[in-house]
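> Prediction below, plus the sequence it came from.
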Amino acid sequence: METCKILGVCSLVIGLAAGVCSGQSQQPLRASADERGFFIGSAVNMTPFRGETIYQDTLRREFNIMVAENAFKFDATQPARNTYNFTDTDALVDFTQANNMRMRGHTLVWHNQLPAWLTGGSFSRDEAIAILKDHISTLVGRYKGRVWAWDVVNEAIDDSTGMLRNSFWLRSIGPDYINMAFEFARASDPDARLYYNDYSIEGMSAKSNAVYNLVSGLKSQGEPIDGVGWQMHQIAGFRIQPQNQTNAQRLADLGLDISITEMDVRLILPDTPDQLQQQALAYGDAINFCLTQSNCKALVMWGFTDKYSWIPGTFSGRGDALIYDTNYQPKPAYFALKNVLEQGLDLSPKITDAAKSGKRLLISGQRFEDGASLFINGEMQNKVSNDPQAPSTSIVARKAGKRIRSGDILLVKNPDGLSSNEFTYP
């Protein structure tokens, strides 16, 4: 099987020098993903989100979907039985709304990161159900219409037995806590996409069979489940295999979407060029898989910069698992994603409108790269810059408003050499 069939002309050289092919576009990942109707995103760590401008700038520039690492979890949102904390969750959702991004809610029901008041309490089954319903209804209801998808239940399958994990929820309510969770979520937001999410379920295995049996059972019972999240925590050397496609297709046959929800590809430290190349191939395989598998809707990574990754603190001697290094520089893996997303797309700029504003001429359009040039009747204009508020869709020519006339021909040329349509000034 050819696992990287649309990686494109840069696939053999990603990252061996700076990871950039000659003439490669400056188009961010999200622009290409938007054109494909696909979601590319990252988990968000609240410390740099609140403290580092470059962190937020990279999020809004490169991604069209994001998820909180911890802010939506039970212990963070409900520190006491009748007390909710929405400070971080509100900030994240507001950020996505302001930047035309989607939000994933992670997670409503999990065996980990539960507050002590809950796990240390003595609750009857009815009380536990009431707590579960209140928690789900409060979060999902608060963000109704603003969170695109929820990981309703996370990691409910035990690795060793393939049965339901012996969690607080199973002990307190019984196996139907899963059914209830999906029902409570659907009642609180009928339009949100509702997911079951787990790790090590991407291929064909005892665990993925257990998850398949769980979700097929939910579907047969008429429960409102829309998709399965594959966490996709991998090591260098991972490649998409036929078993991944087989697994995805059997979920599609149930009417279920899939999303890659927490991808990272950890390396042995210190990394080497060969390891970085293997990592790039893994990310390239994953995005290629999603773009060719009709029920795969998103690829979300568990962070984007190695500066803030959970891997070194969990896997001794491993790290560098993400697509940007600790200095926010894109790695070969970034360009692997970029190359696949851009394959077959028209990346040339496009002028859609032009208008005078005093001495200035304002050009509107798409895919204007930083440093783009403006030509009027073939003559290159001076004092031209991208609008800092909307650099990819607006160009300002500070003196061209004085000379522009009806019938003049406008053209924008990007630094990569791609030229726009010829636009006739009205």
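Ah, there it is. Just so it is clear, the model here is predicted, and its values are computed rather than measured.

> Tell me where the stretch 51-200 of the chain has helices.
For the stretch 51-200 of the chain, applying DSSP state H, counting those that start in this stretch gives helices covering 53-62, 74-77, 87-98, 116-119, 125-142, 168-173, 177-188.

> nearest to residue 388, of those helices?
helix 53-62 (11.8 Å; CB to CB). C-beta coordinates here come from the backbone N, C-alpha and C atoms, glycine included.

> before we move on, the earlier item: TSV for the helices of the stretch 51-200 of the chain, including mean pLDDT and distance to residue 412?
Compiled in TSV, these are given as follows (pLDDT from 0 to 100; distance: least, CB to CB, whole Å):
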stretch	mean pLDDT	distance to residue 412
helix 53-62	98	20
helix 74-77	98	46
helix 87-98	98	27
helix 116-119	98	57
helix 125-142	98	43
helix 168-173	98	56
helix 177-188	98	46
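
> So for residue 282, which of those helices sits nearest?
Closest among these, using CB to CB: helix 53-62, at 18.7 Å.

> what about the longest strand in the protein?
For the chain, the longest strand by residue count, based on DSSP state E, is strand 257-268.

> Show me what counts as buried in that one.
Neighbour-count burial for strand 257-268 flags 257, 258, 259, 260, 261, 262, 263, 264, 265, 266, 267 (criterion: 16 or more other CB atoms under 10 Å).

> Can you lay out these as JSON lines showing pLDDT and distance to residue 209?
JSON lines is the format used below for the buried residues of strand 257-268 (pLDDT from 0 to 100; distance: CB to CB, whole Å):
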{"residue": "257", "pLDDT": "98", "distance to residue 209": "19"}
{"residue": "258", "pLDDT": "98", "distance to residue 209": "16"}
{"residue": "259", "pLDDT": "98", "distance to residue 209": "20"}
{"residue": "260", "pLDDT": "98", "distance to residue 209": "20"}
{"residue": "261", "pLDDT": "98", "distance to residue 209": "20"}
{"residue": "262", "pLDDT": "98", "distance to residue 209": "21"}
{"residue": "263", "pLDDT": "98", "distance to residue 209": "22"}
{"residue": "264", "pLDDT": "98", "distance to residue 209": "25"}
{"residue": "265", "pLDDT": "98", "distance to residue 209": "25"}
{"residue": "266", "pLDDT": "98", "distance to residue 209": "26"}
{"residue": "267", "pLDDT": "98", "distance to residue 209": "30"}
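
> between these, which is closest to residue 55?
Of the buried residues of strand 257-268, the one sitting nearest to residue 55 (CB to CB) turns out to be residue 264, at 17.0 Å.

> so the lengthiest helix in the chain versus strand 257-268, what angle?
The longest helix of the chain (DSSP state H) is helix 273-292. Helix 273-292 and strand 257-268 are oriented at 180 degrees to each other (axes from the mean of the first three to the mean of the last three CA atoms, to 10 degrees).
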